Structures are given as C-alpha cells and as structure tokens.
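Engineer: Sharing a model prediction with you, sequence too.
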Amino acid sequence: MSRSPRQVQSWPFPKENMANALKVRPSLWAYVLLVLLILPRFVTAAETQASGRVDVILWFDTEDYLLPADDDAAKRLAEMLTEKGVRATFKVVGEKARVLEQRGRTDVIEALKKHDIDYHANYHSVHPTPSEYLADCGLLDGMEEFIRREGGGAADVRRIFGRDTLACYGQPGSSWGPQTIAALAQIGVAPHGIPTYVDEGNHIGLKGRPFWYCNALVVYDMPPNRTRFELHVPQALEPGKKAVTEINERLKAQGGGLISIFYHPCEWVHKQFWDGVNFSRGANPPRSQWKAPPQRPIEETEAAFARFSQYIDHIKSLGVRFVTASELSTIYPDKVRSEGATEDEVREIAEVLASPDSKGIDFLVINGKSFSPVDQLEILLSADEKKVPHGLLGPDGAGPTAGEGTVQKIDWAAFETAMKDVRDFARREKRVPARVFIGADAVRPEDFLIGLARANLDKTKSGSWPSEVMLGKNVELLTAQHVAKDTPGIFGGWVIHKEGFRAPKILEVARWQAWTLKPAMR
C-alpha cells in the first residue's frame, strides 16, 4: 500500500537577509521592490523547467540465445536508435553474450556497445531460476547463492562487451528476490559506484517512481508510468502514441518524472518466446534437446520495425529526454549519502519518530532529502559525531515477536550499553540487528529506534541524556507495506515457474529489507 512521506519545508529566506534588507537606503526601495516582484517569476520558471522534466528509459531484455534472427534484431534496434540519437539500455543474458562471441557476431556486439550494457541473469530460464534457488534462503545465504550462480555470467558480459561495470540488472520473468539487489555490487553491477536495478514487476514498489532499496537505485513497479504498444498489431500504434503522450503530460504537470518502456529484441522476430518453448512449467530438457522458437515471416518483422520507428519519433517529438540506466544515479543522487543530516534535520527525524501520533516507522522526505528507516537509525546512532550514513542492509532474520518482550522503560546506563552494541554491530556487519539486547532481554529494532529518538530529543532539549528511556511498543515498520503479499500469481504467474510455485520466504526477506526503502529524489 502506498503511503505519502512526511514533507518538511524550510523557510526560504534566512532571517538575517530580511534584517539586512531593512537597512537599504530609501532611495533604493523602488529598485528593491521591483526586483522582489520580478525575481520570483524567474525563479519559478527555472524551478518549473528543472522539476518538470520528463525522462524516458528505454530498455531491452536481450535474452534469446537460441534463435539466430534475434542477433540481427538486436543489432538493427541498436543501429536504428543510434541513428536517431537515442541511447537505450540493453540487458544482456550471460549465455546470450557467450553465444554472440561463439557465432563471431562482433557486428552485433559493436552495435550494442554504443548503448548501455546491462545484465539479465546467466541463463535466464534454465532451472533453477533465481526465485527457485532463493525460495528457502535468508538474506546472507541468498546473496551468496546469487553471486555463485550469476556472477560468472556478469563477468562474461563485462568481458565480451569491454565494460568495467554493468549499468544495471533486472530479473528474468517474475523471478525476483531482494538478495539479488543487495548483491549487485559484488557481481560488478554498480555504475558510478551505485548498484542499479531496472525491471518490471509488483513485488515491491512506490507505484511509478524510482526508489532506493538495499542500497541500490531501483526502477520497478512503474505503472502508471510504464507503457508500450503491441508491435505486431497495426492498430495499436496510435493508441500507443496517445498513451505515452498522456503520461508525459501528466508527469510534467506533476513536476516531472520517469517513463519506463521495455521490449525484447526477439519480439520482432519470433512467434513464441524461446524459453516458453523449452522451459515452461518447470521443464528442464538437456541442452541437446533445446529448440529454437518458430520465426515470424519477414514481412511481419519489417512492419514491426517500421511501427517502432514511428513510435520512437513520436516520443522524441514530445520533448522528453531519453536516459539510460548508467545515468540514473546522477539524475537521482542520494544527498543523504553525500551530505548527511543537519542538526535541524536530525531533530525533525527524532520528533517524527517520537511523536505520540506516529503510526510507525516510515521513510521521511525533509528539505529534498529522502531518509529511509535505516538512514534514521544510522543518523541517530551517530548524532553526536555528525557522521554521514553509508547505508546498512535490513536484518537477516525476524526479530522478537511483537508483544513478546516486557521491557519498555529502562535506565540510561542499560540503554547506552545497548546503543553502543547496536553501533558496533552496524559497523561490523553492515546491517540492522534482528534483535537488540537490553541486558538479557531482546527487543525489536523498531522499538529500539523509537527509544533512541526519544533519548536524542531529550538530549537536544536539556543538553544531557535522560536518566530513563522509554522504548517503543510493537512499533510497525510502515515501509514493509510496500512489499507485495504472497499470492499464487506473484511468482507462479510466470510460465517458466511450475504451476502454483510460491516463495513466501522471499517476500519475508523483502519485508526485513524494507528498512532500506525510500523514494529517489531528483
């Protein structure tokens, strides 16, 4: 369920500037008044121009390593877009890259290299898929398994395409897991040092806006700002143009945003997806029995390319800016990582957390900065030292059951010991502890964070730490509401997974990692 973060705006004109203005000589008042009347118009126009910009990320899951015609389709798309001055995001499967190399298709590789090169799993649909092998994993062992199975493919894509890092990763089908996002940097997917994830699905999201999760910048769950038209339906082009135009106009009116459009090169040339032919509903034939999918007549392929060319020309005419995955971290910088929090922002974080009206722990947006729950924890733990939070992961397990603990009010000495212990755990393990010990008693980290906020507020007001600290009681991590519920279709809806395949543990791990969730700010 989507929630609105609390917005806190600072007064735009410092008091000292107003005082200086009163000292202006009377002879200059007419000039000053004129400037004051005109300047806001220019500022408003400039702000509107910057904030109202609409970007489009166009991405292609480049995955079919069985049908040779897909090689030519990928090359043609890359060359068409290059000619139009559009850079796209090509997410390449590891085996696809190796097959291009084996076939000697350096022409395809060179054409794609003019665009962003990204990663789309090692074998895509060969079982076990990511969600299948992550289904019973926790956070840490799931990260290790993802690295073991997918790291070699990422290394091959980097080598074959001559990249030091890949621009993003996105899962095959609905085979999603939070462990994959947390491990991206370790398999070489971190443009500008920022792990980036681009795909589509509804496992987690902020309904049409990019977000930070597991310390990665994520474009996911993009409706109502995701669109595409059906390539092989002639009458679909005009509605497709209308749809992207309407999204653009709505986003401009809302202050700007990102439109996500995706395709697969194989869509231009096949009648059926290559993996559906071979791996549907858990089928896993040996490589010697893999079959290429049936191919479309050349006339249908040509017509689809012509329609797509018109579609891109139309999008360009809207005045939007095409961006790639490698550019996202410069468009959506995390100011908390570079600037930290000011004293006023620290106080505001503590006040929100400690408010009697609080419904739980949520992300906050203050002065254009976005603070996840884990940012708030890091900042309050180091409030005296003014450290910039570097980003933790969420817990690697469930904490004490809500209502299980009896500890709520504790003396300062015991709380200070717990605070030092949490700080040490975070420094060593780079994640939130699943339980915080107050002597022999374990409490939930959510309840601890509320106590930490209250203690910080007391210190701000009185200049010293309180003699006693009141912890929270059964505090809810509200960001976890943005993780999908376990339903039959959330994983089992993908034709490659077995009928009825479910992975509730993956969603449980995802809720633990909701400590890291926050909107990305431009």
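Structural biologist: Nice, I can see it. Note that the structure is predicted; figures quoted are calculated from it, not measured.
Engineer: Okay, strands next: where are they in the stretch 51-200 of the chain?
Structural biologist: Listed in chain order, the strands of the stretch 51-200 of the chain (DSSP state E, counting those that start in this stretch) span 54-62, 89-92, 116-119, 196-198.
Engineer: which residues sit against the second one?
Structural biologist: It refers to strand 89-92. Applying C-beta atoms under 8 Å, 6 or more residues apart in numbering, the external contacts of strand 89-92 come out as 57-63, 74, 78, 112, 115-120, 157, 161, 167-170, 198, 324-325. From N, CA and C alone the C-beta is placed, and that goes for glycine too.
Engineer: Partner strands of it and their direction?
Structural biologist: Paired strands of strand 89-92, with direction, are strand 54-62 (parallel), strand 116-119 (parallel) (DSSP bridges).
Engineer: For it, C-alpha coordinates in CSV please.
Structural biologist: Taking Å, rounded to 0.1, in the frame of the first residue of the first chain, the C-alpha atoms of strand 89-92 are listed here in CSV:
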residue,chain,number,x,y,z
THR,A,89,19.6,0.1,-22.1
PHE,A,90,20.3,-3.4,-23.3
LYS,A,91,20.1,-6.0,-20.5
VAL,A,92,22.1,-9.0,-21.9
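Engineer: coming back round to it: what's the closest of the strands paired with strand 89-92 to residue 284?
Structural biologist: strand 54-62 (20.7 Å; C-beta to C-beta).
Engineer: Now stretch 347-356: buried residues?
Structural biologist: Buried residues in stretch 347-356, defined by neighbour count with 16 or more other C-beta atoms under 10 Å: 347, 348, 349, 350, 352, 353, 354.
Engineer: Inside strands: which ones of those residues?
Structural biologist: Counting by DSSP state E, no part of the buried residues of stretch 347-356 is found in strands.
Engineer: would you turn those into a markdown table with distance to residue 295 and pLDDT?
Structural biologist: Shown next, in a markdown table, are the buried residues of stretch 347-356 (distance: C-beta to C-beta, whole Å; pLDDT from 0 to 100):
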| residue | distance to residue 295 | pLDDT |
| --- | --- | --- |
| 347 | 64 | 95 |
| 348 | 60 | 96 |
| 349 | 58 | 97 |
| 350 | 62 | 96 |
| 352 | 58 | 97 |
| 353 | 59 | 97 |
| 354 | 64 | 96 |
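Engineer: before we move on, the earlier item: what's the most buried one of the strands paired with strand 89-92?
Structural biologist: Across these, averaging neighbours per residue (mean count of other C-beta atoms under 10 Å) puts strand 116-119 on top, at a mean of 28.
Engineer: tell me how far that strand is from the chain's mean position?
Structural biologist: On the basis of C-alpha atoms, centre = their mean, to the nearest Å, strand 116-119 is displaced by 16 Å from the centre of the chain it belongs to.
Engineer: Run through who's touching it.
Structural biologist: Strand 116-119 is contacted from outside by 59, 87-92, 94, 150, 153-154, 157, 161, 163, 166-170, 187, 189, 198, 324-326, using C-beta under 8 Å, 6+ apart.
Engineer: Of those residues, which count as buried by neighbour count?
Structural biologist: For these, buried by 16+ other C-beta under 10 Å: 59, 87-92, 94, 150, 153-154, 157, 161, 163, 166-170, 187, 189, 198, 324-326.
Engineer: I'd like to know which of those are part of helices.
Structural biologist: If you go by DSSP state H, the buried ones among the contacts of strand 116-119 have 94, 150, 153, 154, 157, 161 in helices.
Engineer: Pull the most distant pair out of these.
Structural biologist: With C-beta to C-beta as the measure, no two of these lie farther apart than 150 and 161, at 16.4 Å.
Engineer: what's residue 502 in contact with, if anything?
Structural biologist: Here residue 502 is in contact with 486, 488, 490, 491, 492 (criterion: C-beta under 8 Å, 6+ apart).
Engineer: How about the secondary structure of it?
Structural biologist: Secondary structure assignment for residue 502 (DSSP: H, G, I helix; E, B strand; the rest coil): coil.
Engineer: cool, the one 3 residues further on as well?
Structural biologist: The assignment at residue 505 comes out as helix when based on three-state DSSP.
Engineer: Could you check the pLDDT of it?
Structural biologist: As predicted, residue 505 sits at a pLDDT of 98.
Engineer: Same question for the one 3 residues further on.
Structural biologist: We have a pLDDT of 98 for residue 508.
Engineer: For the stretch 251-400 of the chain, just list every one of the helices.
Structural biologist: Residue ranges of the helices in the stretch 251-400 of the chain, as given by DSSP state H, counting those that start in this stretch, are 274-279, 298-317, 328-331, 335-339, 343-354, 373-381.
Engineer: Need those helices in TSV (columns: distance to residue 132).
Structural biologist: Formatted as TSV, the helices of the stretch 251-400 of the chain follow (distance: least, C-beta to C-beta, whole Å):
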stretch	distance to residue 132
helix 274-279	11
helix 298-317	33
helix 328-331	29
helix 335-339	34
helix 343-354	39
helix 373-381	29
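Engineer: Any idea what the residue nearest the centre of the chain is bridged to?
Structural biologist: When C-alpha atoms, centre = their mean is applied to the chain, the residue found nearest the centroid is residue 218 (1.5 Å). Residue 218 has these beta-bridge partners by DSSP bridges: residue 197, residue 211.
Engineer: if I look at it, how far off is residue 416?
Structural biologist: From residue 218 over to residue 416 the distance is 36 Å, taken as C-beta to C-beta, to the nearest Å.
Engineer: Likewise for residue 127?
Structural biologist: Separation of residue 127 from residue 416 (C-beta to C-beta): 52 Å.
Engineer: closest to residue 336 out of the strands paired with strand 89-92?
Structural biologist: The minimum distance between residue 336 and these falls on strand 54-62, with 21.8 Å, by C-beta to C-beta.
Engineer: Compute the inter-axis angle for the closest one and helix 298-317.
Structural biologist: Strand 54-62 and helix 298-317 meet at an angle of 160 degrees, taking axes from the mean of the first three to the mean of the last three C-alpha atoms, to 10 degrees as the criterion.
Engineer: any idea how far residue 329 is from the closest residue to residue 123 other than its chain neighbours?
Structural biologist: Distance criterion C-beta to C-beta, 6 or more residues apart in numbering; nearest residue to residue 123, sequence neighbours excluded, is residue 95 at 5.2 Å. Separation of residue 95 from residue 329 (C-beta to C-beta): 28 Å.
Engineer: With the flanking residues excluded, which residue is spatially nearest to residue 422?
Structural biologist: That would be residue 436: by C-beta to C-beta, 6+ apart, it lies 5.7 Å from residue 422.
Engineer: Which strand residues bridge the one you found?
Structural biologist: Beta-bridge pairing for residue 436 (DSSP bridges): residue 443.
Engineer: ditto for residue 295
Structural biologist: Residues in beta-bridge contact with residue 295 (DSSP bridges): residue 270.
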